[in-house]
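> next input, structure requested:
(one chain, ligands or ions: 1)
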Amino acid sequence: MVDALGDRIFLKQGDITRMTVDAIVNAANTRLLGGGGVDGAIHRAAGPRLLAECRSLGGCPTGEARITAGYNLPARHVIHTVGPVYSGRRQDRDLLAGCYRSSLGLAADRELASIAFPAISCGVYGYPIEKACRVAVDTCCAFLAEHPFPATLFFVLFSEQDREAYAAYLRQRGLRV
Ligand code: AR6
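Next up is the predicted model:
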């Protein structure tokens with residue numbers, strides 16, 4: 001199982017808006033009307049039609065996800081998910097895991113082949129990267145082990161430090177990076 005997953009999970013450092021994949025995941029807020037960080041970058045790169053579609057969705061609860069088209073992005077779709085504001089409580093982990101599971105569920109339902117995730121909640125929402133990357137990797141590995149879609153998953157980290165945190169945990173789990 002570990003070897004098979006090693007062929008499906010990849011680490012990248014850079015700007016997620018440049019990824020040519022079936023879906024990139026947006027770290028949004030419950031209103032789904034844009035914001036700063038990766039959310040702002042995705043809306044800028046996708047163009048105003050993305051905001052128009054997001055308005056029609058009527059928001060999204062924390063831990064869930066919604067899907068739209070990608071418009072001017074190289075990605076075909078954007079999956080918008082809402083991470084928890086870090087509080088240090090047990091519920092943070094469950095909500096963050098919900099973001100990864102819900103996003104992957106939407107991708108699997110549509111048989112999307114590839115997906116790229118940023119470090120959800122690790123910017124403005126303050127989730128420590130070393131804790132968040134464990135939730136991200138554990139949840140995604142569990143999902144991929146049981147589903148053929150998405151076949152390929154990228155974790156796209158903006159900084160070298162964040163990429164290194166993911167690399168260390170993937171190595172600890174026996175996955176090559
Ligand atoms: N590509 C990849 N990762 C990025 C990019 C990018 N272009 N830009 C930033 N990051 P954040 P959150 C990383 O703050 O913590 C927004 O205003 C960044 O370095 O974007 O979930 C929303 O509207 C960090 O590691 O999202 C919400 O109100 C990670 O993306 C709120 O921020 C997430 O940082 C959500 O906060």
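> list the residues that contact R110.
I67, H77, F149 (Cβ atoms under 8 Å, 6 or more residues apart in numbering). Yep, even glycine has a C-beta here, placed from its N, CA and C like the rest.
> next one: phi and psi at F10?
Backbone torsions for F10, taken as degrees, to the nearest 10, come to phi -130, psi 150.
> ah, wrong one, I meant T152
The phi/psi pair for T152 (degrees, to the nearest 10) is phi -130, psi 130.
> that one: neighbour count?
T152: 17 surrounding residues under other Cβ atoms under 10 Å.
> before we move on, what about the one 10 residues further on?
A total of 22 residues lie near D162 under the criterion other Cβ under 10 Å.
> contacts only, for it.
Per Cβ under 8 Å, 6+ apart, neighbours of D162: Q13, A119, C122, I129, C133.
> tell me the centre residue of the protein?
Closest to where the C-alpha atoms of the chain average out (Cα atoms, centre = their mean) is F117, at 2.8 Å.
> returning to that earlier point: now tabulate the contacts of D162 in CSV and tack on distance to the ligand.
CSV is the format used below for the contacts of D162 (distance: Cβ to the nearest ligand atom, whole Å):
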residue, distance to the ligand
Q13, 9
A119, 4
C122, 4
I129, 7
C133, 10
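> of those residues, which belong to strands?
Among the contacts of D162, the members falling in strands (DSSP state E) are Q13.
> so which of the contacts of D162 wins on neighbours?
Neighbour counts for these peak at C122, which has 27 neighbours (criterion: other Cβ under 10 Å).
> all strands of the protein, in order?
Using DSSP E, the strands of the chain run over 9-13, 23-28, 65-69, 77-82, 114-117, 152-157.
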